[in-house]
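*Asks:* Here you go, sequence then predicted model.
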Amino acid sequence: MNRIEMAGHLIRRLHQQSTQIFQTQTQGAGFDLTSVQFAALDAIAQDPGIDQASLAAIISFDRATIGGVIDRLEHKGLVQRVVSAQDRRARRLHLTHGGEQLLAACRPVVNALQSDILALLSPAEREVFLALAQKALGLG
């Protein structure tokens, strides 16, 4: 089996392509945000007050390094950590006003670039690809 027949190799290359397109287009639109930071902001917007461990699980990111992502978002003034009333050791995450504004402005760019990630596929092939990727991940 050669590398172009190996799922892991193709998934890695597709991930690289996706990351490059995300960075190029978001930076071109004036946003200083990685795809992981965008995913974190989006998840926090959908579940205000989420804790870091739950956020890591939702965006499928390593629990040990999600703190660094949140640190950078907090440093940029996009996220704030609030001590949990139920557990003083836990920190609840909320978007700041600036985080809400950035996410709202960035969402159309991120939505538009999705088709560029799979640009060589027809719309019907994209639907099939997305369905199969969701199934492979146990999401569909």
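*Replies:* Ah, there it is.

*Asks:* can you pull the contacts of the residue most central in space within the chain?
*Replies:* Nearest residue to the geometric centre of the chain (Cα atoms, centre = their mean): Ala39, 2.4 Å. By Cβ atoms under 8 Å, 6 or more residues apart in numbering, the contact list for Ala39 reads Ile59, Phe61. The way it works is simple: take the backbone N, C-alpha and C, and place the C-beta from them, glycine included.

*Asks:* What strand or helix carries it?
*Replies:* In this assignment (DSSP states H and E), Ala39 forms part of helix 35-46.

*Asks:* got the buried residues for that helix?
*Replies:* By 16 or more other Cβ atoms under 10 Å, the buried positions in helix 35-46 come out as Ser35, Val36, Gln37, Phe38, Ala39, Ala40, Leu41, Asp42, Ala43, Ile44, Ala45.

*Asks:* Ok, stretch 90-101 next?
*Replies:* By 16+ other Cβ under 10 Å, the buried positions in stretch 90-101 come out as Arg92, Leu93, Leu95, Gly99.

*Asks:* Quick check: the residue of the chain most remote from its centre vs Thr19, distance?
*Replies:* The centre of the chain is farthest from one residue, Met1, which by Cα atoms, centre = their mean lies 32.2 Å away. From Met1 across to Thr19, the span is 26 Å (Cβ to Cβ, to the nearest Å).

*Asks:* Can you show me the helices along this structure?
*Replies:* Applying DSSP state H to the chain gives helices spanning 7-28, 35-46, 52-58, 63-75, 97-117, 123-136.

*Asks:* Can you say which of the ones you listed is packed in most?
*Replies:* A comparison of the helices of the chain by mean neighbour count, using mean count of other Cβ atoms under 10 Å, puts helix 35-46 on top with a mean of 19.

*Asks:* and that helix, how far from the chain's centre?
*Replies:* 6 Å (Cα atoms, centre = their mean, to the nearest Å).

*Asks:* quick one: contacts for the nearest residue to Glu100 once chain neighbours are set aside?
*Replies:* Closest residue to Glu100 apart from its sequence neighbours, by Cβ to Cβ, 6 or more residues apart in numbering: Ala45 at 7.0 Å. By Cβ under 8 Å, 6+ apart, the contact set of Ala45 is Leu95, Gly99, Glu100, Leu103.
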